[in-house]
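**Q** With the sequence up front, the predicted model follows.
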Amino acid sequence: MDVSRRGFLATAGAYGAWSAFGSSLKTAMKYDRDAVLKRFRSQAADTDARVKAGIEANRKGPMRFTFKDAAGKMLENVRVKVVQKTHDFKYGANIFMLDEIGDSKEKNEAYKEHFAAAFNLATVPFYWNDLEPEEGKPRYAKNSPKIYRRPPPDLCVEWCEAHGIEPKAHCLNYGFFYPEWAKGSVAREKLLLEKRFRELAGRYAARIPMWEVTNETLCGPWMRNSNFYREHDFVEWSFKLAERFFPANKLVINESNNDYWNETLDFRTRARYFMQIERALLKGARIDSIGMQFHMFYKSEDAVASTRRFYDPLCLFEVMDTFSALGLPLQITEITIPAYSEDPGDEEVQAEIVRELYRIWFSHPAMEAIVYWNLPDGYANAAEPGDFSHGENRYYGGLCRFDMTPKPAYKVVKDLFGKEWRTNFVRDVGGEFAFRGFKGTYELEATANGKTVRREFRINPAFPSSVDVTVG
């Protein structure tokens, strides 16, 4: 979900119809923190047991080393240092504010520093109306004219590559964000979409592994901003075209939480989103991953009632279990957890919710990525920078404050993937040594008899889980 500043006034009416952008959000005396956290806390023992077992089974793998000297004799005493370098699991945020924070060099640098320190995935904006506002004049290059929250793809991809972060494209065919010049007959729109897919593939397919193909196709009438969007084959056609131009890339479908969540809990496999994916697969579309948004755009005084199911561990597991029946990996693609203010108490509640959600998602066998939406407060969708009375800024839903200082929720995400869910140790072992570690890439340093060797290895079912190491 996103609207650039350039398009904000044009879409204000539509957003006004959405309850998330209703009357002013006032947190004072209305945000019942304990009630919002009630289901996490009341189910803590059962949830903790399931989460710990799930993480151990689904996010870790075995590794066994055999240490020998140059003559092939088993060593008896080896000092082993294991350092995990990367995670196979993906965790990130959108990178829409890369070099976008006005003239503040300090805040721009802080944004980059915090992003690189906490994430290994970045959602890059490919909204058609802002990427190509004039026909035939796409904004790919770093020096392209600026549009708020729409840094050029070349800038984003280059920065990601320099910092070991995987870029993810959002997205190829989003029915609401067609440029005015592209709107017309269904045949014309399809022809222009084919040109768009071809150009993007030629420029970025080798550099961006993952592409969201369709987005928010179940959001309601206000999203229908093209003629093709209304056609019955919108999803299947889009994925088949994407497979044609992006044969080696991961293709993701994405949907807003507002529609699929309660339907899934009430109707399970009869929910619209489930049936939409199932139908597309049956009609020959190649969908590689299922994206689920998790924006909690609810007023503070409505937070308890509106998030009742979203913040219920049993409901969270049930939704993941239901969609995993399709046999595809899952991603939580866009997350906003409100703090509603800069009050320390409100920020601590946000952090506790983030921690509980991430633990539950991370533990599930079908989950492959968790992506927060906005890193900082005050630079969100449908509002001017620093205006906390409009749009998504009202929710204070970032992981950093407007001044770019990290909130407790940022520390939660950073520490989960950087410390709690990372395998690093130094041990004295014998000639045979085995352990379980989080899936990813590692560096081994083994020292025996005054000699040291270093080896890279990987914990992943697709790679060897037993390695012989010669020291000396």
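**A** Sure thing, it's come through.
**Q** in terms of contact, does residue 382 touch residue 394 like I think?
**A** No - Residue 382 lies out of contact with residue 394 (C-beta atoms under 8 Å); the separation is 9.6 Å. C-beta here means a position set from N, CA and C on the backbone, and glycine is covered the same way.
**Q** Residue ranges in the stretch 101-250 of the chain under the pLDDT threshold?
**A** Applying pLDDT under 70 to the stretch 101-250 of the chain flags the ranges 221-223.
**Q** Could I get the full set of helices for it?
**A** 105-118, 128-131, 153-162, 186-204, 234-245 (DSSP state H, counting those that start in this stretch).
**Q** quick one, which of those helices is nearest to residue 386?
**A** helix 105-118 (11.2 Å; C-beta to C-beta).
**Q** how far does the closest one sit from the chain's center?
**A** 18 Å (C-alpha atoms, centre = their mean, to the nearest Å).
**Q** For residue 388, find the nearest of the helices of the stretch 101-250 of the chain.
**A** helix 105-118 (16.5 Å).
**Q** which residues sit against that closest one?
**A** Under the criterion C-beta atoms under 8 Å, 6 or more residues apart in numbering, residues 93, 95, 97-101, 122, 159, 163, 165, 375-376, 399-400, 403-406, 410, 413-414, 417-418 lie in contact with helix 105-118.
**Q** List the buried residues for stretch 77-97?
**A** For stretch 77-97, burial by neighbour count (16 or more other C-beta atoms under 10 Å) applies to 78, 80, 82, 84, 87-97.
**Q** hang on, I meant stretch 297-307
**A** Neighbour count says stretch 297-307 has 297-301, 303-304, 306-307 buried, by 16+ other C-beta under 10 Å.
**Q** what do you get for stretch 229-241?
**A** 229, 234-241.
**Q** likewise stretch 406-423?
**A** Buried residues in stretch 406-423 (16+ other C-beta under 10 Å): 406-414, 416-417, 421-423.
**Q** what mean pLDDT would you report for it?
**A** In this model, stretch 406-423 has a mean pLDDT of 98.
**Q** What of stretch 85-99?
**A** Mean predicted confidence for stretch 85-99 is 98.
**Q** chain center to it, what's the gap?
**A** 8 Å.
**Q** Tell me the span between the first and last residue of it.
**A** 27 Å (C-alpha to C-alpha, to the nearest Å).
**Q** Shouldn't residue 96 be within a helix?
**A** No - counting by DSSP: H, G, I helix; E, B strand; the rest coil, residue 96 is located in no helix; its state is coil.
**Q** from the chain's centre, how far out does stretch 361-380 sit?
**A** 4 Å.
**Q** for stretch 134-141, same thing?
**A** With C-alpha atoms, centre = their mean, you get 27 Å for stretch 134-141.
**Q** Pull it out as PDB, backbone CA atoms only.
**A** The C-alpha coordinates for stretch 134-141 follow below in PDB (Å, rounded to 0.1, in the frame of the first residue of the first chain):
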ATOM      1  CA  GLU A 134       5.800  10.200 -19.000                       C
ATOM      2  CA  GLU A 135       5.600   7.500 -21.700                       C
ATOM      3  CA  GLY A 136       9.000   6.400 -22.800                       C
ATOM      4  CA  LYS A 137      10.900   8.400 -20.100                       C
ATOM      5  CA  PRO A 138      11.400   5.900 -17.200                       C
ATOM      6  CA  ARG A 139      13.100   7.000 -14.000                       C
ATOM      7  CA  TYR A 140      15.600   4.100 -13.800                       C
ATOM      8  CA  ALA A 141      18.800   6.100 -13.400                       C
END
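**Q** For residue 252, find the nearest of the helices of the stretch 101-250 of the chain.
**A** Nearest to residue 252, of those and by C-beta to C-beta, is helix 234-245 at 9.7 Å.
**Q** Got the domain ranges for the protein?
**A** 5-54+90-420, 60-83+425-470 (automatic domain parsing).
**Q** Packed most tightly, which of these would that be?
**A** domain 5-54+90-420 (a mean of 19; mean count of other C-beta atoms under 10 Å).
**Q** residues contacting residue 125?
**A** Counted by C-beta under 8 Å, 6+ apart, residue 125 has contacts 2, 94, 96, 131, 149-151, 153, 156, 170.
**Q** which residues does it form a beta bridge with?
**A** residue 170 (DSSP bridges).
**Q** That one and residue 94, how far apart?
**A** For residue 125, the distance to residue 94 equals 7 Å [C-beta to C-beta, to the nearest Å].
**Q** returning to what we had before: quick one, which of the helices of the stretch 101-250 of the chain gets closest to residue 437.
**A** helix 105-118 (20.8 Å).
**Q** what inclination does that closest one have with respect to helix 153-162?
**A** 50 degrees (axes from the mean of the first three to the mean of the last three C-alpha atoms, to 10 degrees).
**Q** can you start the count at 65 instead of 1 from here on
**A** Happy to do that; since the first residue is 65 now, the last one works out to helix 169-182.
**Q** Just the CA atoms of helix 169-182, as CSV, please.
**A** Backbone C-alpha positions of helix 169-182 (Å, rounded to 0.1, in the frame of the first residue of the first chain) are rendered in CSV as follows:
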residue,chain,number,x,y,z
LYS,A,169,22.6,14.6,5.3
GLU,A,170,22.7,13.4,8.9
LYS,A,171,19.2,11.8,8.7
ASN,A,172,19.9,10.3,5.3
GLU,A,173,23.1,8.7,6.6
ALA,A,174,21.4,7.5,9.8
TYR,A,175,18.6,5.9,7.7
LYS,A,176,21.2,4.0,5.7
GLU,A,177,23.2,3.0,8.8
HIS,A,178,20.1,1.6,10.6
PHE,A,179,18.8,-0.2,7.5
ALA,A,180,22.1,-1.9,6.7
ALA,A,181,22.5,-2.9,10.4
ALA,A,182,19.1,-4.6,10.8
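**Q** Could you tell me which residues make contact with the residue nearest to residue 254 when sequence neighbours are not counted?
**A** Distance criterion C-beta to C-beta, 6 or more residues apart in numbering; nearest residue to residue 254, sequence neighbours excluded, is residue 292 at 6.2 Å. Residues counted as contacts of residue 292 (C-beta under 8 Å, 6+ apart) are 239, 250, 253-254, 257, 298.
**Q** what's the spacing between the residue positioned nearest the centre of the chain and residue 284?
**A** Computing the C-alpha centroid of the chain and ranking residues by C-alpha atoms, centre = their mean puts residue 435 first, at 1.8 Å. Distance from residue 435 to residue 284, counting by C-beta to C-beta: 23 Å.
**Q** cool, residue 439 as well?
**A** 28 Å.
**Q** again, but for residue 141
**A** Taken as C-beta to C-beta, the span from residue 141 to residue 284 is 67 Å.
**Q** Over to residue 210?
**A** Taken as C-beta to C-beta, the span from residue 210 to residue 284 is 31 Å.
**Q** what's the answer for residue 444, then?
**A** 21 Å.
**Q** what separates the closest residue to residue 291 other than its chain neighbours from residue 261, distance-wise?
**A** In space, and not counting its chain neighbours, residue 291 is closest to residue 250: 5.1 Å by C-beta to C-beta, 6+ apart. Distance of residue 250 to residue 261, computed by C-beta to C-beta: 16 Å.
**Q** Next: residue 117.
**A** 42 Å.
**Q** what does residue 235 give?
**A** Distance from residue 235 to residue 261, by C-beta to C-beta: 11 Å.
**Q** And residue 420, which helix or strand is it part of?
**A** helix 408-427 (DSSP states H and E).
**Q** In PDB, list the C-alpha atoms belonging to that helix.
**A** The C-alpha trace of helix 408-427 is given here as PDB (Å, rounded to 0.1, in the frame of the first residue of the first chain):
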ATOM      1  CA  PRO A 408       7.900   5.500  26.000                       C
ATOM      2  CA  GLY A 409       5.100   3.200  27.200                       C
ATOM      3  CA  ASP A 410       3.500   3.100  23.800                       C
ATOM      4  CA  GLU A 411       6.800   2.400  22.100                       C
ATOM      5  CA  GLU A 412       7.400  -0.500  24.500                       C
ATOM      6  CA  VAL A 413       4.000  -2.000  23.600                       C
ATOM      7  CA  GLN A 414       4.900  -1.700  19.900                       C
ATOM      8  CA  ALA A 415       8.200  -3.500  20.600                       C
ATOM      9  CA  GLU A 416       6.500  -6.300  22.600                       C
ATOM     10  CA  ILE A 417       3.900  -6.900  19.800                       C
ATOM     11  CA  VAL A 418       6.700  -6.900  17.200                       C
ATOM     12  CA  ARG A 419       8.700  -9.400  19.100                       C
ATOM     13  CA  GLU A 420       5.700 -11.800  19.600                       C
ATOM     14  CA  LEU A 421       4.700 -11.600  15.900                       C
ATOM     15  CA  TYR A 422       8.200 -12.100  14.600                       C
ATOM     16  CA  ARG A 423       8.800 -15.100  16.800                       C
ATOM     17  CA  ILE A 424       5.500 -16.800  15.700                       C
ATOM     18  CA  TRP A 425       6.100 -16.100  12.000                       C
ATOM     19  CA  PHE A 426       9.700 -17.100  12.100                       C
ATOM     20  CA  SER A 427       8.800 -20.500  13.700                       C
END
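**Q** Nothing else from me, thank you.
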